[in-house]
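J.: predicted model and sequence below, questions to follow.
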Amino acid sequence: MMEFLNFYVVPGIVTGSVYALGAIGITLIFGILRFGHFAHGDLATSGAYLALGATALLGLTPWAALPVAMVLTALLAYGIHRLFYRHLESRPKILTVIASLGIGMMLRSIVQVVWGVDPLAYGSGIARAQAFGPLMLRPREIATLALTLALVAALLAFLRYSKWGKAMRAMSDNPDLARLCGVDNDRVTRLTWFIVGALAAASGFCLGINTELTTMMGWSAMLSMFAAAVLGGVGRVEGAVVGGLVIGLAEELSVLLVPGPYKSATAFVILLAILLLRPQGIFKGKVL
Amino acid sequence: MASIGLINYATFMGTMIGIYAILALGLNVQWGVTGLFNAGIAGFFAVGAYLSALLTAPPSPERIMGWELPVAVGWLGAMAGAALIAWPIGRICLRFRSDYLAIATIGVAEVIRLVLRTEEMLSGGARGITGVPRPFGGLEYSLSQFAYFALVIAVLLLVYWALERQLAAPWGRMMKAIRDNEQAAAAMGKDIAKRRLEAFVLGAAVMGLAGALYVHFMRAITPEAIDPMISTFLVWIMLILGGSGNNRGAILGAVIVWLIWSMSEFVTDQLPADIATQAKYIRVFLIGLMLQLILRFRPEGLLPEESGQRTASLPPSPR
């Protein structure tokens, strides 16, 4: 039982948090801007490597470098929108989807040019697991869970109570109606990209600190993040969190049933099943 | 001697262009004519390549099949196999907007890659499948290369002719009607989901055929032989640059993009080794940028679709 908890459930929840942070970004873009953002995984990769750059250039510890990376990635996400997506806004959304696939490749190749393709790590310290009753948790795992919890709580409170959060929800529900009520769609779009970029950086950072940094890590995680967003219900933040945790756990537990290499196919199977059985997702999101 | 080398090189390039042109034609059925976003082209290509190889190669104790069937059977098998994989994916995803199809096809390509890397009985392990027969393979090297090049071009023309016929038929007009205005087409009593599925499966079969042509050209294949994202992406740029919805545009795009892509490889190969690896990624960055520029400045492509009133912007109803 303890083995089951420590070898499958704990890693599943940690991976699930990473997916949740990524899936929130995907679900916000899907819900508010109404397109599938296929550069999202590589945006997370960029954030993770920007944090690495901040540790090297500014001499920060990894966790102190995270806020820097979140700000930089937020600016990066907004810059991509301004340079590449914005002029496609009036055209069919699928063109932006295609563009984002290319943006993902561009981001990945920049990381590959600057940092090379060999795996890297934030630090070489060995993390000892501490016992909490039957649970063995490493400090970085506790920090990952705490960070996810804090970011999700802050985002939910922002969306529920603040003026701009309400504007974001309004635009998600009906952009034309929101504009009629005086919501500035351009500013909401900008805000969305800032939030999405910062969350993507946090997601990539947590993935990197719990495993290692590779240039393909974001691309490989993106399928799971999309599955999480659809599973939770497109446009639903709390759905993305639940979806992320379910996918993370399912991937870790899949090893008990199928050979290890097929772990990364779990999310795909869940995605097809949810599209077949309940396309609106657990929390009744949008179906585009 | 140099001139023979040059001719061999040109033949090789021509064959690759022909194979990519067939891929672009397959994508044109899905995207150009029907507005479906397939981001897993490499997956259908790989299925075709492996199936045709397994059907026609000599048996080996390290893997299954190896039935030494005629090459034509391999090609038909490749088309059927790719179509068979496309069918359930299309059934599930074509009810929704193309974003879902895109992520599902990325998933299919990943799963196919996983299976090929894991199941050594299927893919022959690290050595891959070797000894795949090539039509005219018994001839002297240059002649055999040239004969196969001619065969690929013949297949390309055949596919082009068949697709042109299909698109000129009521089926093609109906597909474009569905793409341009789904509601109107539905109101006219067209079974949209079924027609889309037909186009998706047909396009996938054409991609599978391209995979088969590739594997008989190379006479061997390993799971690492093709980079899934880069090859998928190249085909997309070929079609969008050439002109979505126009078969001749797809072929023209294949010629131009493949020439640019291999010329840039030629340039980076001349660089010193320590920056050559980085140059490889700069090439990838530049083709990504090229797509952004085409989407922004020339979305209709070099040879725009020629029909009636439709103007610049391409695909399906903007829902």
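T.: Okay, I see it. The structure displayed is predicted, hence computed values, not measured ones.
J.: spell out which parts of the stretch 101-250 of chain A neighbour chain B.
T.: Proximity of the stretch 101-250 of chain A to chain B (CB under 8 Å from any CB of the partner chain) is limited to residues A:101-103, A:105-106, A:108-110, A:112-113, A:117, A:219, A:222-223, A:226, A:230. Using the backbone N, CA and C atoms, a C-beta is placed for each residue, glycine as well.
J.: among those, which one sits closest to residue B:121?
T.: Distances from residue B:121 to those, taken as CB to CB, are shortest for residue A:223 (25.8 Å).
J.: that closest one and residue A:259, how far apart?
T.: 19 Å (CB to CB, to the nearest Å).
J.: who wins for neighbours among the residues of the stretch 101-250 of chain A next to chain B?
T.: Greatest neighbour count in these, by other CB atoms under 10 Å in any protein chain shown, goes to residue A:226: 34 neighbours.
J.: right, is stretch B:193-203 up against chain A?
T.: No. Using CB under 8 Å from any CB, stretch B:193-203 never reaches chain A; the gap is at least 13.7 Å.
J.: mind exporting the C-alpha coordinates of that stretch to CSV?
T.: Extracted C-alpha coordinates of stretch B:193-203, given in CSV (Å, rounded to 0.1, in the frame of the first residue of the first chain):
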residue,chain,number,x,y,z
ALA,B,193,-20.0,14.0,-41.2
LYS,B,194,-20.0,11.2,-43.8
ARG,B,195,-18.5,13.3,-46.6
ARG,B,196,-15.8,14.6,-44.3
LEU,B,197,-14.9,11.1,-43.2
GLU,B,198,-14.6,10.1,-46.9
ALA,B,199,-12.2,12.9,-47.6
PHE,B,200,-10.2,12.3,-44.5
VAL,B,201,-9.8,8.6,-45.2
LEU,B,202,-9.1,9.2,-48.9
GLY,B,203,-6.3,11.7,-48.0
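J.: tell me which residues of it come out buried.
T.: Neighbour counts over stretch B:193-203 (16 or more other CB atoms under 10 Å in any protein chain shown) mark B:195-203 as buried.
J.: from those, which ones fall inside strands?
T.: Judged by DSSP state E, the subset of these located in strands is empty.
J.: relative to residue A:143, which of those residues is nearest.
T.: For the buried residues of stretch B:193-203, the nearest to residue A:143 is residue B:200 (45.1 Å; CB to CB).
J.: returning to what we had before: what's the most distant pair in the residues of the stretch 101-250 of chain A next to chain B?
T.: Maximum pairwise distance among those (CB to CB): 32.9 Å, between A:113 and A:230.
J.: which stretches in chain A count as helices?
T.: Ranges of helices in chain A, per DSSP state H, are A:2-4, A:10-28, A:40-58, A:62-80, A:93-115, A:139-161, A:163-173, A:175-180, A:185-210, A:217-232, A:237-254, A:266-277.
J.: give me the helices and strands touching the longest one, please.
T.: For helix A:185-210, the helices and strands in contact under the criterion 3 or more CB pairs under 8 Å, 6 or more residues apart in numbering or on different chains; DSSP states H and E are helix A:10-28, helix A:40-58, helix A:62-80, helix A:139-161, helix A:163-173, helix A:175-180, helix A:217-232.
J.: can I get those in JSON lines with mean pLDDT?
T.: Output for the helices and strands packed on helix A:185-210, formatted as JSON lines (pLDDT from 0 to 100):
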{"stretch": "helix A:10-28", "mean pLDDT": "96"}
{"stretch": "helix A:40-58", "mean pLDDT": "96"}
{"stretch": "helix A:62-80", "mean pLDDT": "96"}
{"stretch": "helix A:139-161", "mean pLDDT": "95"}
{"stretch": "helix A:163-173", "mean pLDDT": "91"}
{"stretch": "helix A:175-180", "mean pLDDT": "87"}
{"stretch": "helix A:217-232", "mean pLDDT": "95"}
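J.: including distance to residue B:105, could those go into a markdown table?
T.: Output for the helices and strands packed on helix A:185-210, formatted as a markdown table (distance: least, CB to CB, whole Å):
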| stretch | distance to residue B:105 |
| --- | --- |
| helix A:10-28 | 17 |
| helix A:40-58 | 16 |
| helix A:62-80 | 23 |
| helix A:139-161 | 30 |
| helix A:163-173 | 26 |
| helix A:175-180 | 28 |
| helix A:217-232 | 11 |
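J.: residue B:287 is nearest to which of the ones you listed?
T.: For these, the distance to residue B:287 is smallest for helix A:40-58, at 15.1 Å, taking CB to CB.
J.: anything in that closest one near chain B?
T.: No. Residues of helix A:40-58 are not located near chain B by CB under 8 Å from any CB, the shortest gap being 10.3 Å.
J.: rewinding a little: reformat the helices of chain A as CSV; add distance to residue B:263.
T.: Output for the helices of chain A, formatted as CSV (distance: least, CB to CB, whole Å):
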stretch, distance to residue B:263
helix A:2-4, 56
helix A:10-28, 37
helix A:40-58, 27
helix A:62-80, 28
helix A:93-115, 18
helix A:139-161, 46
helix A:163-173, 46
helix A:175-180, 44
helix A:185-210, 35
helix A:217-232, 27
helix A:237-254, 42
helix A:266-277, 37
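J.: among those, which comes closest to residue B:235?
T.: Residue B:235 lies closest to helix A:93-115 among those, at 12.1 Å (CB to CB).
J.: ranges for the helices of chain B?
T.: For chain B, the helices defined by DSSP H occupy B:2-27, B:41-56, B:71-93, B:98-118, B:120-123, B:141-168, B:170-180, B:182-187, B:192-218, B:228-242, B:247-269, B:273-297.
J.: those: which one's closest to residue B:35?
T.: helix B:170-180 (4.2 Å).
J.: the closest one near chain A at all?
T.: No. Using CB under 8 Å from any CB, helix B:170-180 stays clear of chain A, with a minimum separation of 10.3 Å.
J.: what helices and strands are in contact with that helix?
T.: Applying 3+ CB pairs under 8 Å, 6+ apart, one finds that helix B:170-180 contacts helix B:182-187, helix B:192-218.
J.: can I get the ones you listed in JSON lines with distance to residue B:36 and mean pLDDT?
T.: Converted to JSON lines, those look like this (distance: least, CB to CB, whole Å; pLDDT from 0 to 100):
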{"stretch": "helix B:182-187", "distance to residue B:36": "12", "mean pLDDT": "86"}
{"stretch": "helix B:192-218", "distance to residue B:36": "6", "mean pLDDT": "94"}
